[in-house]
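# Any chance you can model this:
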Amino acid sequence: MDDLEALGAQYKKVCQIYDYIDLRITSMADGVFQCQVPLNDKTGNHLKIMHASVLFAIGEVLGGMVHHKYVADPARFQPVVRDLKIDFKAPAMTTITAEAVFAPSAAAEMNQQLEATGRYDYALAAKLTDTQGQIVAETLGQYAIRDFRKKA
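Sure, this is the predicted structure:
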């Protein structure tokens, strides 16, 4: 899906936390995945900086965006996060952009493994920056793609 607004609307419908925090998907081109969340009364904490849970959420959602862009059979294979580590670097006092890179060349390997084994695991590192380009957090997510809808 290349229509970023439509994909964002789909994410907001399926997982209402993204609607609440006003998630905006801003890039899924050339292996660069980006999303943004504004700092406002819904996303801020008691200090008027972005709440840690919102930073976690936008670092984590990037793995799902990789799935939407590259998995050849998304109805069959779904992603889940297995682990996400976050390293807070500075207060998030503006709109925050989360960005990760997943090489398009890795998509072929992803789909080959999914067809051959029904499994694909990958790591995705992200940088979360403010409007001045300062890194406010870094995440490292471990993701699993499987056919989670199969009955045991």
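# Which helix or which strand is home to the closest residue to Gly64 other than its chain neighbours?
With CB to CB, 6 or more residues apart in numbering as the criterion, Gly64 has its nearest non-adjacent residue at 5.5 Å, and that residue is Pro79. All C-beta atoms are positioned from the backbone trio N, CA, C, and that covers glycine. Using DSSP states H and E, Pro79 maps to strand 78-88.
# Ok, Tyr18 next?
helix 16-20.
# Who does the next helix or strand after that helix pair with, and is each partner parallel or antiparallel?
Next in sequence after helix 16-20, counting helices and strands by DSSP H and E, comes strand 24-29. Using DSSP bridges, the strands paired with strand 24-29 in its sheet are strand 32-37 (antiparallel).
# who touches the residue most central in space within the chain in this structure?
When CA atoms, centre = their mean is applied to the chain, the residue found nearest the centroid is Leu62 (1.6 Å). Contacts here follow CB atoms under 8 Å, 6 or more residues apart in numbering; on that basis Leu62 touches 33, 35, 98-100, 124, 126, 141.
# hmm, try it at 7 Å
33, 35, 98, 100, 124, 126 (CB atoms under 7 Å, 6 or more residues apart in numbering).
# same thing with Pro79?
63-64, 67, 143, 145 are the contacts of Pro79 under CB under 7 Å, 6+ apart.
# Quick check: Val37 touching Asp19?
No: contact criterion CB atoms under 7 Å: Val37 and Asp19 do not qualify, at 11.5 Å.
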